[in-house]
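*Asks:* This is the structure alone, sequence omitted:
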């Protein structure tokens, strides 16, 4: 039976030998890591996608419910982001990119008469929570359906009158020279609104993030909110009515006009009845004689 080898036998290396062994291990590890990186890069390498809309996720089926304007906005955004040229984005039979977009609108867009377009333009104003860039985009999409072009200055006048009051208070018409200026200024205003709302939320929350409920003042007598006892108009009115009723009741209590005794009139006053009746003097008049004596 062959003797067993002591695998765990101690090995003694000098400092130079240990450095040489460590450098060899480091070189082998570096070589292995580089080979793995090359293998992963070669396995995941791919050829650049062709300059086309093949990977665009936007789809349009031409049905009545499909929104061609949303589809056009998506493909225009994709074209700008991927830098697709006009030649690769359209068929050879189409003149240019603008013509292709116009053909899509003419064939599939819901054609509204001019008066209907203006009715939709001025049917509503910007809501309080609606973003300005979304409202302006909807406005310009309706303007694009008109059979004639509208000057940008006139478009700015119309859309400015439909903006929310909170925007128009902080942005004058004279500050706007283009839609770019309008959108940039509106974004800054809306950002300030969001910061102020966040600041109010921080003030109304405690250290644990719990919302602090502010209690409105309420007076228990009238059960109404917004005031306390010293501001209650109902209590003040009731007190005035009480004072008026007291003064009225005091004035309505009868008094004898002969002697002033309260609670009696002259005809049933006991003090006045006790007085002796005044004797009445009777005078007799003789009829004068008109005959001569």
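*Replies:* The structure has been received and is ready for your questions. Note that the structure is predicted; figures quoted are calculated from it, not measured.
*Asks:* make it CA atoms for all contacts and neighbour counts henceforth
*Replies:* OK.
*Asks:* What is the three-state secondary structure of residue 180?
*Replies:* At residue 180 the chain is in helix, as set by DSSP: H, G, I helix; E, B strand; the rest coil.
*Asks:* Show me the contact partners of stretch 124-131.
*Replies:* If you take CA atoms under 8 Å, 6 or more residues apart in numbering as the criterion, stretch 124-131 is touched by 132, 135, 162-164.
*Asks:* which of those tops the neighbour count?
*Replies:* For those, neighbours were counted using other CA atoms under 10 Å, and residue 132 has the most, 22 neighbours in all.
*Asks:* measure that residue to residue 188 for me?
*Replies:* Distance, residue 132 to residue 188, by CA to CA, to the nearest Å: 11 Å.
*Asks:* One more: residue 107?
*Replies:* From residue 107 over to residue 188 the distance is 39 Å, taken as CA to CA.
*Asks:* List just the nearest of the contacts of stretch 124-131 to residue 181.
*Replies:* Among the contacts of stretch 124-131, residue 132 lies closest to residue 181 (CA to CA), at 12.2 Å.
*Asks:* Would you mind giving both backbone torsions of the closest one?
*Replies:* With angles defined as degrees, to the nearest 10, residue 132 sits at phi -70, psi -40.
*Asks:* ranges for the strands of the chain?
*Replies:* Listed in chain order, the strands of the chain (DSSP state E) span 218-219, 224-225.
*Asks:* Low-confidence regions, this protein specifically.
*Replies:* Residues of the chain meeting the criterion pLDDT under 70: 1-11, 13, 33-34, 37-51, 89, 200-216, 219, 247-252, 275-293.
*Asks:* do that again at 50, thanks
*Replies:* 5, 7-8, 41, 43-49, 276, 279-280, 293 (pLDDT under 50).
*Asks:* What segments of the protein are helices?
*Replies:* Under the criterion DSSP state H, helices of the chain are mapped to 15-44, 68-82, 86-89, 97-108, 114-121, 132-143, 152-161, 165-168, 179-203, 233-252, 270-274.
*Asks:* will you turn those helices into JSON lines that also has distance to residue 60?
*Replies:* Below are the helices of the chain laid out as JSON lines (distance: least, CA to CA, whole Å):
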{"stretch": "helix 15-44", "distance to residue 60": "32"}
{"stretch": "helix 68-82", "distance to residue 60": "6"}
{"stretch": "helix 86-89", "distance to residue 60": "16"}
{"stretch": "helix 97-108", "distance to residue 60": "10"}
{"stretch": "helix 114-121", "distance to residue 60": "24"}
{"stretch": "helix 132-143", "distance to residue 60": "18"}
{"stretch": "helix 152-161", "distance to residue 60": "29"}
{"stretch": "helix 165-168", "distance to residue 60": "36"}
{"stretch": "helix 179-203", "distance to residue 60": "29"}
{"stretch": "helix 233-252", "distance to residue 60": "66"}
{"stretch": "helix 270-274", "distance to residue 60": "110"}
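*Asks:* Nearest to residue 260 among those would be which one?
*Replies:* Nearest to residue 260, of those and by CA to CA, is helix 270-274 at 9.9 Å.
*Asks:* in the closest one, what's buried?
*Replies:* Applying a neighbour-count criterion of 16 or more other CA atoms under 10 Å, one finds residue 272 buried in helix 270-274.
*Asks:* Out of the contacts of stretch 124-131, flag the one nearest to residue 182.
*Replies:* Closest approach to residue 182 among the contacts of stretch 124-131 (CA to CA): residue 132, at 8.9 Å.
*Asks:* residue contacts, the spatially closest residue to that closest one that is not a sequence neighbour?
*Replies:* Excluding the flanking residues, the one nearest residue 132 by CA to CA, 6 or more residues apart in numbering is residue 186, at 6.5 Å. By CA under 8 Å, 6+ apart, residue 186 lies in contact with 132, 167, 171.
*Asks:* what's the distance between the second one and residue 131?
*Replies:* In this case it means residue 167. Distance, residue 167 to residue 131, by CA to CA: 11 Å.
*Asks:* Equivalent analysis for the last one, please.
*Replies:* Distance of residue 171 to residue 131, given as CA to CA: 15 Å.
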